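1. with the input below, show me the fold.
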Amino acid sequence: MPVSVDEKCLRLTGDDGTSGTLLGMRCTECGIVVFGPATFCQSCSSPALEEIELATGGVLYSYTIVRVPPPGWPGPVPYVLGEVELPEGPHVLAEVIECTHDALQVGMPMTLALQPVSMPDVPGSERVVYKWRPAM
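-> Prediction:
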């Protein structure tokens, strides 16, 4: 059974780990939405938050090409780290896949992609992570 990289941010909905949804919190006082867990609203400081499922698509807000990865990075280098703005308002950072560097454009539509990732030489380390890919 696949395991989410972070069950507070990514809920897997399929048995094979290829489908899921990002999770966020919405303030019931002011309506602000954030990605991931929160204990109080970042806008009005209210503790009145409810968990919501976020959209699986958005637009590329910004990106950078990472040439020096963090220690233990299991993927290819260089890679693209993209900031995608979701329709609900939050911005979510994740690797952009299936897109050449010269094809990247701020404002291009992106869709959620889930992939299994393992740490080399670490048995049982496989986790399903969220990434972005250009929307078809």
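2. separation between the closest residue to P134 other than its chain neighbours and E50?
-> Closest residue to P134 apart from its sequence neighbours, by C-beta to C-beta, 6 or more residues apart in numbering: C99 at 5.1 Å. The way it works is simple: take the backbone N, C-alpha and C, and place the C-beta from them, glycine included. Remark: distance between C99 and E50 (C-beta to C-beta, to the nearest Å) = 34 Å.
3. neighbour-wise, which of these two wins?
-> C99 (18 against 9; other C-beta atoms under 10 Å).
4. just the pLDDT at the more buried one, thanks.
-> The score at C99 is 96. That number is its pLDDT.
5. cool, and the one 4 residues further on?
-> Reading off the confidence values, A103 has pLDDT 96.
6. likewise for the one 10 residues further on?
-> In the prediction, the pLDDT value recorded for A113 is 97.
7. helix or strand: which one has it?
-> strand 109-117 (DSSP states H and E).
8. contacting residues around that strand?
-> For strand 109-117, the external contacting residues (C-beta atoms under 8 Å, 6 or more residues apart in numbering) are 2, 5, 10, 12, 17-22, 56-60, 74-75, 82, 84, 96-98, 126-136.
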